[in-house]
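Colleague: This is the structure alone, sequence omitted:
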């Protein structure tokens, strides 16, 4: 094979990669068939992250460097890195090895897409950056609620929506008027941005005395997507989790939880008893695992697909009493797979990661203060099963 | 009468085109003339049975947008 113009190739023209998916870089070997390379990160791209070599005489050597960036796959964010070819003696070939205008710099974004989507995009000869993440003309937000043009978020599940800013330009409009414009076309560096639609809704209300729950995002080419805040049922609890893009999402759950404390078997040991001058059985404290059964709020079939991402997440918390407790969540998969058109609840089982060998009674803020109300207004503790 | 989501077509949470009118209705509803816009916004922000009761005082204008979702705007 003749020597190519470029001695390093990336998966796409921009050198964009997702940290949680394969990150294949093509390296052209030297005359001896070896491609020795270095990967740099950090300020000025001068911190050596890895040095390696691959043997592929006369043909492209493809290396998957995703393991170097594995720690970024669960968190939304962005990192620049550089890969250079070096001689066997360890000297960098330098920019002369790269065709003018080509920089061996690539960008790593947090998160990942499914293998099913990778196959689909490969069939279409497309990539997720052109189709979604770096495309102002579509739903470019780091939400796994939907890739559709209409993003429905129940009002008690509102969290800031994240996106990658560089090069993006778009406008947010209410039903009648433009309310905010964004233009990041002059940005030199990639960065993670967010829009808090709850704050934006309040700003619009204070400035124009209208209450809006529908935000249309447009570009000069047309309609990109609409963020629709939908009405929810009252709920004091929610599950907060990192989605597959590494961004935070929230799912409300109903209050009527069922508490299922689960106890470990007693671990019996022996101890010496001075009275009988012999060994007796000694009891140890048991371990308590706190398990709760909830149901999600009313979910359409499309929204139930979003529950799947929550179940896959490595970081899930139940938000209760303004406190976050890490949990492991499981669900009845037959409810997720249901094909009925009617919205329905999904049963969830939450196991707190904190197991305990001690018990503490409920302690609320009111217990810190002396009682100032009359005796008649004092009520007994409710059996609040969640902490 | 406001509408709620009963099918797979999403319904926008109620919108208001004139919050000054709504604030007046809210003061009457709560029987408290001292209530300010900030109190109303906090009330509208999160679901409650009281808010549902308040919504029922209004009439909903419902528009289906591009067969994708339903917008509802409340007025007295």
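Modeller: Cool, got the structure. This is a predicted model, so every value here is computed, not measured. Residues are numbered from 1 along each chain as shown, chains lettered A, B, ... in the order given.
Colleague: Would you mind giving the secondary structure of the residue positioned nearest the centre of chain A?
Modeller: In chain A, the C-alpha nearest the mean C-alpha coordinate belongs to residue A:246, at 2.2 Å (C-alpha atoms, centre = their mean). Here residue A:246 is recorded as coil under DSSP: H, G, I helix; E, B strand; the rest coil.
Colleague: residue contacts, it?
Modeller: With contact set as C-beta atoms under 8 Å, 6 or more residues apart in numbering or on different chains, residue A:246 has these partners: A:73, A:74, A:75, A:76, A:77, A:110, A:111, A:142. Yep, even glycine has a C-beta here, placed from its N, CA and C like the rest.
Colleague: Relative to residue A:309, how far out is it?
Modeller: Distance of residue A:246 to residue A:309, given as C-beta to C-beta, to the nearest Å: 11 Å.
Colleague: right, and the helix or strand after the lengthiest helix in chain B?
Modeller: Assignment by DSSP state H gives helix B:19-30 as the longest helix of chain B. Downstream of helix B:19-30, the next assigned helix or strand under DSSP states H and E is helix B:37-45.
Colleague: Quick one: distance of that next one to the chain centre.
Modeller: How far helix B:37-45 lies from its chain's middle: 11 Å, per C-alpha atoms, centre = their mean, to the nearest Å.
Colleague: For it, the averaged confidence score.
Modeller: Averaging pLDDT along helix B:37-45 gives 94.
Colleague: Give the buried residues for that helix.
Modeller: Within helix B:37-45, the residues scored as buried using 16 or more other C-beta atoms under 10 Å in any protein chain shown are B:40, B:41, B:43, B:44, B:45.
Colleague: Residues contacting that helix, please?
Modeller: The contact list for helix B:37-45, computed with C-beta under 8 Å, 6+ apart, reads A:155, A:198, A:202, A:205-206, A:211, B:16, B:19, B:22-23, B:26, B:50-51, B:54.
Colleague: would you turn these into TSV with secondary structure, distance to residue B:36 and neighbour count?
Modeller: Putting the contacts of helix B:37-45 into TSV (DSSP: H, G, I helix; E, B strand; the rest coil; distance: C-beta to C-beta, whole Å; neighbours: other C-beta atoms under 10 Å in any protein chain shown) gives the following:
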residue	secondary structure	distance to residue B:36	neighbour count
A:155	helix	21	18
A:198	helix	19	15
A:202	helix	14	17
A:205	helix	12	21
A:206	helix	11	12
A:211	strand	15	24
B:16	strand	16	23
B:19	helix	11	19
B:22	helix	13	26
B:23	helix	8	18
B:26	helix	10	20
B:50	helix	18	12
B:51	helix	17	16
B:54	helix	16	20
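Colleague: closest to residue A:63 among those residues?
Modeller: Checking the contacts of helix B:37-45 against residue A:63 with C-beta to C-beta, the nearest one is residue A:198 at 44.1 Å.
Colleague: give me every residue that touches that closest one.
Modeller: A:158, B:45.
Colleague: go on, residue A:66?
Modeller: Residue A:66 touches A:17, A:19, A:20, A:21, A:22, A:23, counting by C-beta under 8 Å, 6+ apart.
Colleague: Out of the residues you listed, who's the most crowded?
Modeller: The member of the contacts of residue A:66 surrounded by the most neighbours (other C-beta atoms under 10 Å in any protein chain shown) is residue A:17, with 25 neighbours in all.
Colleague: who's in contact with the closest residue in space to that residue that isn't next to it in sequence?
Modeller: Leaving aside its sequence neighbours, residue A:17 sits nearest to residue A:23 (C-beta to C-beta, 6 or more residues apart in numbering or on different chains; 4.3 Å). Listed by C-beta under 8 Å, 6+ apart, the contact partners of residue A:23 are A:11, A:17, A:64, A:65, A:66, A:69, A:106, A:108.
Colleague: just checking, the fourth one touches residue A:39?
Modeller: Yep, that's residue A:65 we're talking about. Yes. With contact defined as C-beta atoms under 8 Å, residue A:65 reaches residue A:39; the gap is 6.2 Å.
Colleague: ok so, going back, can you list phi and psi of the residue nearest to the centre of chain A for me?
Modeller: Dihedral pair for residue A:246: phi 90, psi 10, per degrees, to the nearest 10.
Colleague: What's the separation between it and chain B?
Modeller: Plainly put, residue A:246 is 26 Å away from chain B if you go by C-beta to the nearest C-beta, to the nearest Å.
Colleague: try residue A:163
Modeller: 21 Å.
Colleague: Okay, now the sheet partners of the particular helix or strand that has that residue in it, with direction.
Modeller: Per DSSP H and E: residue A:163 is located in strand A:161-164. According to DSSP bridges, strand A:161-164 has the following sheet partners: strand A:192-195 (antiparallel).
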